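**Q** Turn this into a structure:
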Amino acid sequence: MSTATTFPRSPKDEIDGIPYFPRMVDKIRKFAAGELHEDYHKNLGKALDLWTCQLLKIEYSELVDFVQGGATDEEALAWSFEKGGKPEATVKEWWCSYARNRGFRDDLSEKLELRKAEAGMADRHDICSFFDFMDAEEGR
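**A** Prediction:
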């Protein structure tokens with residue numbers, strides 16, 4: 001990606017103990033403003049976006065509409081809890097661990113290694129998950 005790219009927030013950023021949600025709503029806002037690099041467009045509403053919406057039992061398209069209406073991160077999460085339901089503590093803990101560790105010794109490990117190689121980071125043994133990869137690729 002070009003150095004002029006404005007990246008979305010880190011996937012490790014959290015709200016109410018839930019990682020990735022702030023990044024997802026940041027991507028929604030950047031896309032609406034025409035500021036989201038096209039490399040991100042193909043995964044909008046998919047992968048971690050989808051899994052986060054599944055945790056919250058909401059539809060991505062409805063979240064997009066709500067966020068584009070000017071909602072803050074806090075308002076978007078509160079809306080998500082009202083619309084879909086707040087996840088139980090054990091479900092939330094499991095999901096957070098799952099999301100933070102995707103790519104580490106799981107079904108996406110090979111894909112993570114491929115993405116690291118494509119990005120010239122095959123020798124980066126500190127990159128153990130997709131969260132780590134996104135941060136490294138985006139210069140964090």
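**Q** Can you tell me how far Leu44 is from Glu113?
**A** Separation of Leu44 from Glu113 (CB to CB, to the nearest Å): 25 Å. Just so you know, the C-beta spots here come from the backbone N, C-alpha and C atoms, and that holds for glycine as well.
**Q** Glu110 - how many residues pack around it?
**A** Close neighbours of Glu110, defined as other CB atoms under 10 Å, add up to 10.
**Q** Check which helices and strands the helix or strand hosting it is in contact with.
**A** Glu110 is located in helix 109-118, with elements delineated by DSSP states H and E. On a contact count with 3 or more CB pairs under 8 Å, 6 or more residues apart in numbering; DSSP states H and E, helix 109-118 meets helix 130-137.
**Q** ok, which stretches of this structure are helices?
**A** In the chain, the helices defined using DSSP state H lie at 21-32, 48-56, 60-68, 73-83, 89-100, 109-118, 130-137.
**Q** okay, now the domains of this structure?
**A** The record's domain split for the chain, according to automatic domain parsing, is 1-100, 105-140.
**Q** For the most centrally placed residue in the chain, give me its contacts.
**A** Geometric centre of the chain, nearest residue: Tyr20, 4.1 Å, by CA atoms, centre = their mean. Taking CB atoms under 8 Å, 6 or more residues apart in numbering, we find Tyr20 in contact with Pro11, Asp13, Leu48, Thr52, Ala99, Phe131.
**Q** Residues contacting the helix holding Glu110, please?
**A** If you take CB under 8 Å, 6+ apart as the criterion, helix 109-118 is touched by Gly103, Phe104, Ala122, Arg124, Ile127, Ser129, Phe130, Phe133.
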